[in-house]
Every structure is written in C-alpha cells, then in structure tokens.
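Student: give the three-dimensional model of this entry:
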Amino acid sequence: MPLDSVIALTFKSLKPALTYSHPISLTDTILSIKEELHTLHPNDVPTAENQRLLLKGKALADQKLLKEYNIKEGDTVNLMFKAPPPVKQTADVPLVTPQPVRATSDSSMASPNPFASTGGSLDPDVKPSGGRRHQRIPSVVLSPSPSNENHSPGEKPKEILLDLDNTASVPLSPVLRDEMTLTSTYHDTIAKPEFWEGLLKFLQSQFQTESDVHAAFEDFLRASKVGLTAHEIALIRDRTGVVGMAGLCAGPMVDGMEVG
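Tutor: Numbers count the residues shown, from 1 in each chain. As a prediction, the model looks like this:
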C-alpha cells in the first residue's frame, strides 16, 4: 500500500470524552472505519450502526470512501454515539442478585392502619421520619367544638368561630391586602379634572400629532364613562379642552349626558 494513501487522523468524542489517533487508509469506506473503531475499542465505542462520524460539522456517509472528502493528515473527526456501548461483565466483578425483602412481625415496620405511620398521621405536630419535610397547609379549626359543648335547656348555642392555623404564614397579595385594609379611591381619582389634565400632558409627550393625542385621550375617557356622571365629564372636558370625538366635536347629547 503506498504510504501517501495512509494518513493519521484523530477521532474525538465529547460525550463521553474520548480521543483516539489511528492511521487510516484513504481507500477505506466510512463504514469500515466505524467497524475498526469498535474493534479497537469495544468497551468505549459502540457498533457501527450506533456511530456518527462528522468532519467540520458534516456527517460522513457509510458507503463513501474516505478520499472522497476533503480530509488531510492530522485532521480531527468528531465521533458521536447514538447508543452507549454495551457493558461487558468481567470475571472479577460478580453480579449482585437482589434479595427479596422478608416480612417481619416488628410492629415498627408494618402498620395495618394507614394513618398510624408518621407520614400519614392525623396529628399535625408529628414530623415524618427522614426525607424532606412537607410544608404544612393552613387549616381551619372549629372552636369551640359543638360536640363538647353542653347546653342548658333553652340556652342559645354559642357561635362557632373560625380560627386560622398560623403555624404556616401565607402572605396576601397586594391587591387582596388593599381590599381588606383600605377604602378604594379609584372613582375619586378619575373624577378629578386634574387627573385627566395630567394624563393629557403625558399623552402629548408620547405622541407626535395632536390627533393621536386626542384619540388616545378619548379611548381612556370612554373606558371610564361608566363610573363618571355627566357633570364630572363636563368638568373634565372643560379643564382639558378636549371636547370629544378625537377633539373635533362633541358627541351626541341625551338628557344632558354625552353618549357614544
């Protein structure tokens, strides 16, 4: 075989990290190269059908000769595996046969009651043994219990109070917290002409044409008309100078209220 028909190539795999250097004949097929790699490294390289050879990102076809590709001495061929190589059992590594678990009469190992174990206990103070502790969910407790309350004849039963179990704090959302602690000032704010005067100035800083400014202003005002009276709308238009219909003309009036 002529010496110029054999070149040294590096075969490199990333997963797993493997690197091999071998002299390869240019007249060999890609399939025969794969088979040779498996023969030389049976424990690391799978069979030919589970290999892919790539040169500069291009996959090499099994039926083609190596010389049909633009390859030269010292080039690196990337080696990829479709399936991991089979693990061969050696004589010095005995196979471990799993042993069946025998039943025991120890009461700590078995429990006929599914709630008797710490993992399924009804007692909220019992902690599971081992493993990650589950976060407790706030519970609703009836206090006092009607079953333990003794009522005299004709006495009105006491009301049942609902108490939240505070062992696990659950933060409230900002919206829910505001609804529970504050009085809404939404209508009072949008009814002020000063609010719409400030909105008009903001829109003028965002849009280039006056018609776009008035169109955006009308969209905001139209969406808020349900909560505004005709008098409040009149004050807003008088303060801002926007009279309706994108600032060109006022909308039709019915009983003193602008519609449309």
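
Student: then stretch 33-43 to CSV, C-alphas only?
Tutor: What follows is stretch 33-43, C-alpha atoms only, in CSV (Å, rounded to 0.1, in the frame of the first residue of the first chain):
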residue,chain,number,x,y,z
ILE,A,33,-13.6,2.9,9.7
LYS,A,34,-16.5,2.7,12.2
GLU,A,35,-16.2,-1.1,12.4
GLU,A,36,-12.4,-0.8,13.0
LEU,A,37,-13.0,1.8,15.8
HIS,A,38,-15.4,-0.6,17.5
THR,A,39,-13.0,-3.5,17.2
LEU,A,40,-10.1,-1.5,18.6
HIS,A,41,-12.1,0.0,21.5
PRO,A,42,-15.1,-2.4,22.2
ASN,A,43,-15.7,-1.1,25.7
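
Student: and it, which residues are buried?
Tutor: Within stretch 33-43, the residues scored as buried using 16 or more other CB atoms under 10 Å are I33, K34, E35, L37, H38. C-beta here means a position set from N, CA and C on the backbone, and glycine is covered the same way.

Student: same deal with stretch 48-68?
Tutor: A48, N50, Q51, L53, L55, L60, D62, L66.

Student: surely I190 touches V226?
Tutor: No: in this structure, I190 is not within contact of V226 by CB atoms under 8 Å, at 10.7 Å.

Student: looking at these two now, which is surrounded by more residues?
Tutor: Counted by other CB atoms under 10 Å, I190 and V226 do not tie: I190 has more neighbours, with 18 against 6.

Student: can you add pLDDT, secondary structure and distance to V243 and give the buried residues of stretch 33-43 back as a markdown table?
Tutor: Output for the buried residues of stretch 33-43, formatted as a markdown table (pLDDT from 0 to 100; DSSP: H, G, I helix; E, B strand; the rest coil; distance: CB to CB, whole Å):
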| residue | pLDDT | secondary structure | distance to V243 |
| --- | --- | --- | --- |
| I33 | 95 | helix | 84 |
| K34 | 95 | helix | 82 |
| E35 | 96 | helix | 87 |
| L37 | 95 | helix | 84 |
| H38 | 94 | helix | 86 |
